[in-house]
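Q: Okay, sequence plus prediction incoming.
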Amino acid sequence: MINSSEGRGQKAEGKGTIKCSHPLNSSVSALIVTLLLISILTGLVVDFVYDVHIDTSSLANWSNAQKASLIAKSGQNLSTLYLDDIKNEKYTDQRDFEMPVGQYMGASIDLTIKIEDENSKFNINLVISPNGTTEETELSSLKKLLEYLNINPDLSLVIADWIDPDIEPRLADSEYNAKNAYLWSVDELKLIEGIDNKTFDRLSPYITVFSESETLNIININTADIPVLVCLNENMTESLAKNIIEYRKDSPFEYNSDVLQVSGMKTVGMTIQGRTKSKSSYFRITTTSNVNGITRIIESVMDTSREIHFWREG
Ligand SMILES: [Ca+2]
């Protein structure tokens, strides 16, 4: 900019009309140069402050994320105390519950623990036995579950083909891109042809891929919802499932056989004895921690012996 100003002065002098050494012109030029320098310096300083701010906030975010992750893990550890307590209970009757942890951990820090009963859901993997053959009872139950939820029941065959180790299609293209192995997560159902988001949202609340039994769904009669109760036997109806839910509101089932006391369940109740229980042992634990606006979520599935069957951090 200084060179430019000098250039203008030389040109004016050459025409002989304006004295280049006019003090006002020099002052104006100097002022312009100064203002330009100030504006450049201001720009540089703003850039520098901005970079420092970004670096500092990145460090703060990293630190908050680390804290949030540790607190979410602590929440998982805390939940094992709940699992320990269950060992001393006769039965369990809560399908899910959420609890904010009241203990003060610092300003802008909180932790929420959600525990869901996996034994209230239908283990979809059990349609195929560990030796690769089809468990017809479980496949019939899955078909009935889909029917109750207004989902095409043929999808049960596609799911069975997706899981079973062979490549013999039960329906046209039902082995297409199949995993031919057990599902590790309910989310994997989205990969199956015919399961769109709407179908998945309708089905997933009643499905699990974990249970202690490897061959037969044994559902907690205290916590299973209507669709799961209905699918347990061909003679189970929505009306009977509602009777069960009404009965257990006041009198949770301590023993499996207590279901025979429910109106209309004397005969059908006998047929589901081997597929029900009153106390759960598998739980999904979701801990959500927030530290200064940074959230970390850990999801696990644990049994009452504290064995971890699934772990996901995000
Ligand atoms: Ca297959």
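A: Nice, I can see it. Residues are numbered from 1 along each chain as shown.

Q: pretty sure residue 80 contacts residue 303?
A: No - counting by C-beta atoms under 8 Å, residue 80 does not reach residue 303; the two are 10.6 Å apart. Every residue, glycine included, has its C-beta placed from N, CA and C.

Q: neighbour-wise, which of these two wins?
A: It is residue 303, of residue 80 and residue 303, that has more neighbours when counted by other C-beta atoms under 10 Å, with 19 against 14.

Q: is it true that the more buried one touches residue 285?
A: No - assessed by C-beta under 8 Å, residue 303 is found out of contact with residue 285, at 11.0 Å.

Q: so where is the protein shaky, pLDDT-wise?
A: Along the chain, the model assigns pLDDT under 70 to residues 1-46, 48-50, 52-54.

Q: could you pull out the helices for it?
A: Remark: helices assigned in the chain by DSSP state H are 2-15, 23-86, 136-148, 155-163, 197-203, 226-230, 238-250, 268-271.

Q: Enumerate the residues of the chain near the ion.
A: Contacts of the chain with the ion, taken as C-beta under 5 Å from the ion, map to 161, 164, 178, 180.

Q: for the third one, what are its contacts?
A: Taking C-beta atoms under 8 Å, 6 or more residues apart in numbering as the contact definition, residue 178 lies against 161, 162, 163, 167.

Q: So which of those residues is surrounded by the most neighbours?
A: Neighbour counts for the contacts of residue 178 (other C-beta under 10 Å) peak at residue 162, which has 26 neighbours.

Q: do you know how far the closest residue to that residue other than its chain neighbours is from residue 184?
A: Closest residue in space to residue 162, ignoring its immediate chain neighbours: residue 178 at 4.7 Å, by C-beta to C-beta, 6 or more residues apart in numbering. Per C-beta to C-beta, to the nearest Å, residue 178 is found 15 Å from residue 184.

Q: gap between residue 186 and residue 286?
A: Taking C-beta to C-beta, one finds residue 186 at 14 Å from residue 286.

Q: Could you do residue 247 as well?
A: From residue 247 to residue 286 the distance is 30 Å (C-beta to C-beta).

Q: In contact with whichever residue of the stretch 201-314 of the chain sits closest to the ion, which residues?
A: The ion sits closest to residue 209 of the stretch 201-314 of the chain, with a gap of 16.3 Å, by C-beta to the ion. Shown in contact with residue 209 (C-beta under 8 Å, 6+ apart): 123, 124, 125, 182, 183, 184, 185, 186.

Q: between these, which has the most around it?
A: residue 124 leads the contacts of residue 209 on contacts (other C-beta under 10 Å) with 28 neighbours.

Q: didn't it look like it was pressed against residue 208?
A: Yes - with contact defined as C-beta under 8 Å, residue 124 reaches residue 208; the gap is 7.4 Å.

Q: Show me the common contact partners of these two, please.
A: Counting by C-beta under 8 Å, 6+ apart, the contacts common to residue 124 and residue 208 are residue 186.
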